[in-house]
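K.L.:
here is a sequence together with a model predicted from it:
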Amino acid sequence: MPHDLTVNIGPSHPSTHGVCNLLVELDGEVIVSAEPRIGNLHRGIEKIAENRTYMQVIPLTDRLDYVGSMYSNWAYCRAVEQLAGIAVPERAEYIRVMMCELQRIGSHMMALGPAGSDAGATSVYMYTFAQRDLVLDLFEAVCGARLTYNYVRPGGVSLDLPDGWVEQCRAFISQLPGAMLELDRLLFGNVIARARMKGIGVLSREDAIACGTSGPVARGSGVDFDLRRDDPFSVYPRLEFSVPLGDNGDCYDRARVHLFECIESCKIIAQALDQIEPGPVRNDDVPRLIAPPAGDTYAHVESARGSLGVYLVSDGSVRPYRMKVRSPAFSNLSVLPLLAKGHLLSDLVIILGSLDPVFGEVDR
Amino acid sequence: MAIIDDLGASLEKLPGGGVALTTLDGFMGWSRSMSEWTYPLGTACCAMEYIASSFSRFDFDRHGSIPRSDPRHCDVMVVAGTITRKMAPVLKRLYEQMPDPKWVIAMGNCTVSGGIFYYDSYSVVRGIDEIVPVDIYLAGCPPRPEAFQDAVLQLRAKIKAHSIAPSNERPVRSTLPNADTPRKGEGIAEGGERS
């Protein structure tokens, strides 16, 4: 196909959602090819982890997916627990589920806001960020940090819920569905936003599976896959929720899946708050220096971006021999060349935003 | 800006020019400090807190500190997030694109020193002051929006004291760290100290 212009977008560009560098070849305004060039945020976390003890790796996992640190914490700790055979108290599992569902809401707010602002509706971002700040308040009350929590530990969580947290959380989840419906009208009811998002960047169901996408990107294309339901872990089997799916796999569907997942997360948190019982939140038998027996394991959780997995190899020492992170954002980003082809340059930003990449996790 | 810079240089030489210069300094410092347009070089976690500080709850517009996405419009570069060796040339080039006078806030431990990635990472720049001159070092991993607010206010005080006389030009490092360059703290690591 002929092309007459090569445009370099990023790595510092207001709409690249991080440090994505896109090499776009254009024929007039139409994209012939768009190639993401990654690695601008490669910090070598997997390599650093080999020089840390198992406990010291947890703060590093915080910085993988910095919009949803709880997931990386949890996936890593699940891997360590499987490797070393550590039991987790039930209350800790409920707290983990609640934290991760709150994290999903907070993270999806970071996806919905740009979905609006990429299409020119900047005010949506203000509404979503107001909700995100409420989520961060809850996290701050629990562990003192707004972004990098270091909260989930092998064998439980670091601290119990503080006084008044349950009420604060209930107040938050009771107002959220209404706010989401308002957001639905504000963003998806907007004629311009619909025109900008519908039919743009269609990802077929087959391609979604072939490229290894997961999370809202795959579900937006109608792939009915959710680890919380299909490979149940923690206390998810005791909780009832549905998995929202899209029909067409375009940007509109992907963004809308994000919105409905937030409402589902509210239901999960409400059930968890009802079911949770007093008890220990941390297995006291876990030593400071964990030395699991030699072997390897793979543990995954359903993060806000999809199936987040951690593969750990132990050689019997106190440091992991190898840590490999299966990053959903990386797999989801890999469909960008497929989606962008044939669309206008102005749609590229919306397509990239709908994939919701976090480059800390893509580049690791 | 060029006219004002020349004015400062010529005023200095005139008899009684010092008084005029300080008066002008006061005015320029006041006007510049009240509209710090920031260029967010957001790469990682700190960018989230940067975004949070410009939105509804923390609302930085009230300080006259507005994020602009073009370095040519901006006075202050906020480097929010880890700078890797691959990103370092980009940082330098963006800094050079900003018009004088310009200031830099190093937001977060990664930009101050490399932070959590100081040890054992082969790709992280150990502090952006290896590449660009830094005015405010803001520690935290990531710093809270309130801390960033404090950094902006401290920078405001610094800008107010800034003279338009051509004596406070700061050089940009012309060399960038590459694979052969010894890195900050390299000797310490070889001396047997471990993380």
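P.N.:
Perfect, I can see it now.
K.L.:
contacts and neighbour counts: CA atoms only from here.
P.N.:
OK.
K.L.:
work out for me the element residue A:263 sits within.
P.N.:
helix A:251-275 (DSSP states H and E).
K.L.:
give me the pLDDT for the nearest residue to residue A:258 once chain neighbours are set aside.
P.N.:
Leaving aside its chain neighbours, residue A:258 sits nearest to residue A:108 (5.9 Å; criterion: Cα to Cα, 6 or more residues apart in numbering or on different chains). Note for residue A:108: predicted pLDDT of 91.
K.L.:
wait, residue A:108 sits on residue A:265?
P.N.:
No - counting by Cα atoms under 8 Å, residue A:108 sits too far from residue A:265 to count as a contact (10.7 Å).
K.L.:
next one: residue A:254 relative to residue A:101, how far apart?
P.N.:
Per Cα to Cα, to the nearest Å, residue A:254 is found 19 Å from residue A:101.
K.L.:
tell me which of the two has more neighbours.
P.N.:
With neighbours defined as other Cα atoms under 10 Å in any protein chain shown, residue A:254 and residue A:101 compare such that residue A:254 has more, 33 against 24.
K.L.:
show me what contacts that one?
P.N.:
By Cα atoms under 8 Å, 6 or more residues apart in numbering or on different chains, the residues touching residue A:254 are A:216, A:217, A:219, A:220, A:221, A:246, A:354, A:355.
K.L.:
may I ask which of those residues has the most neighbours?
P.N.:
Neighbour count (other Cα under 10 Å) singles out residue A:216 as the most crowded of the contacts of residue A:254, with 34 neighbours.
K.L.:
roughly how far apart are that one and residue A:255?
P.N.:
8 Å.
K.L.:
the closest residue to chain B within the stretch 251-364 of chain A: neighbour count?
P.N.:
Residue nearest to chain B within the stretch 251-364 of chain A (Cα to the nearest Cα): residue A:360, separated by 6.4 Å. Neighbourhood size, residue A:360 [other Cα under 10 Å]: 29.
K.L.:
now it: which helix or strand?
P.N.:
Counting by DSSP H and E, residue A:360 is found in helix A:359-363.
K.L.:
which strands or helices does that helix pack on?
P.N.:
Using 3 or more Cα pairs under 8 Å, 6 or more residues apart in numbering or on different chains; DSSP states H and E as the contact definition, the elements that helix A:359-363 packs against are helix A:328-333.
K.L.:
and the helix it packs on, what other elements does it pack with?
P.N.:
Looks like helix A:328-333 contacts strand A:306-314, helix A:345-355, helix A:359-363 (3+ Cα pairs under 8 Å, 6+ apart).
K.L.:
tell me how far it lies from the chain's centre.
P.N.:
10 Å (Cα atoms, centre = their mean, to the nearest Å).
K.L.:
stretch B:64-74 now?
P.N.:
Centroid displacement of stretch B:64-74 relative to its chain, using Cα atoms, centre = their mean, is 13 Å.
K.L.:
what does chain B put close to chain A?
P.N.:
Those residues of chain B that sit near chain A, judged by Cα under 8 Å from any Cα of the partner chain, are B:41-45, B:48, B:52, B:55-57, B:69, B:82-84, B:86-87, B:90, B:116-117, B:119-124, B:141-142, B:144.
K.L.:
now, these that are in helices?
P.N.:
B:45, B:48, B:52, B:90 (DSSP state H).
K.L.:
could you dump those to CSV with pLDDT and distance to residue A:61?
P.N.:
Shown next, in CSV, are these (pLDDT from 0 to 100; distance: Cα to Cα, whole Å):
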residue, pLDDT, distance to residue A:61
B:45, 84, 12
B:48, 87, 17
B:52, 86, 22
B:90, 87, 26
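K.L.:
drop anything exposed from those residues.
P.N.:
B:45, B:48, B:52, B:90 (16 or more other Cα atoms under 10 Å in any protein chain shown).
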